[in-house]
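Trainee: sequence first, then the predicted structure:
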Amino acid sequence: MVTCYLKYVIDPYKAAEFEGYGKMWIRLVNKLGGSHQGYFLPHEGANNIAYALFTFPSLAAYEEYRVKMGLDEECQAAYKYAEETKCIISYERSFMRPVFE
């Protein structure tokens, strides 16, 4: 199992647009084989940092998702929405593996 951890720097004046973007991707990740744990928007503290977490059974499954994502019209529309609204300033992606007792 591998969890993709995304840290976003967002435009705090476009948080509503970023929330709309997140809602698009939760459904899309689930549709394309992942399990989305949600987007986490600023509440207290920094007003321009947001996070997202989603999991795939393996890194290979994530890579398959990336291929499907590139061909999916809804995914391309979500990317276009982010470009048009400019709600995302930057992001960094890391992969984590869970530890269970």
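Mentor: Right, received. Where do you want to start? Numbers count the residues shown, from 1 in each chain.
Trainee: sec struct for the residue most central in space within the chain, please.
Mentor: Closest residue to the average C-alpha location of the chain: residue 52 at 5.0 Å, with C-alpha atoms, centre = their mean. At residue 52 the chain is in strand, as set by DSSP: H, G, I helix; E, B strand; the rest coil.
Trainee: quick check: the gap between it and residue 101.
Mentor: From residue 52 across to residue 101, the span is 26 Å (C-beta to C-beta, to the nearest Å). Bear in mind the C-beta positions are built from the backbone N, C-alpha and C, glycine included.
Trainee: got the contact list for residue 69?
Mentor: Shown in contact with residue 69 (C-beta atoms under 8 Å, 6 or more residues apart in numbering): 28, 32, 75.
Trainee: among these, which one sits closest to residue 67?
Mentor: Nearest to residue 67, judged by C-beta to C-beta, of the contacts of residue 69 is residue 32 at 9.7 Å.
Trainee: ok, that closest one touching residue 66?
Mentor: No - using C-beta atoms under 8 Å, residue 32 makes no contact with residue 66, being 9.3 Å away.
Trainee: the two: who's more crowded?
Mentor: Neighbour tally, residue 32 and residue 66, criterion other C-beta atoms under 10 Å: the higher count belongs to residue 32, 18 against 10.
Trainee: mind listing what the more buried one touches?
Mentor: Contacts of residue 32 by C-beta under 8 Å, 6+ apart are 65, 68, 69, 72, 75.
Trainee: pull out the buried residues from those.
Mentor: Listed as buried from the contacts of residue 32 are 65, 69, 75; burial here means 16 or more other C-beta atoms under 10 Å.
Trainee: show the pLDDT at residue 99.
Mentor: Note on residue 99: pLDDT of 88.
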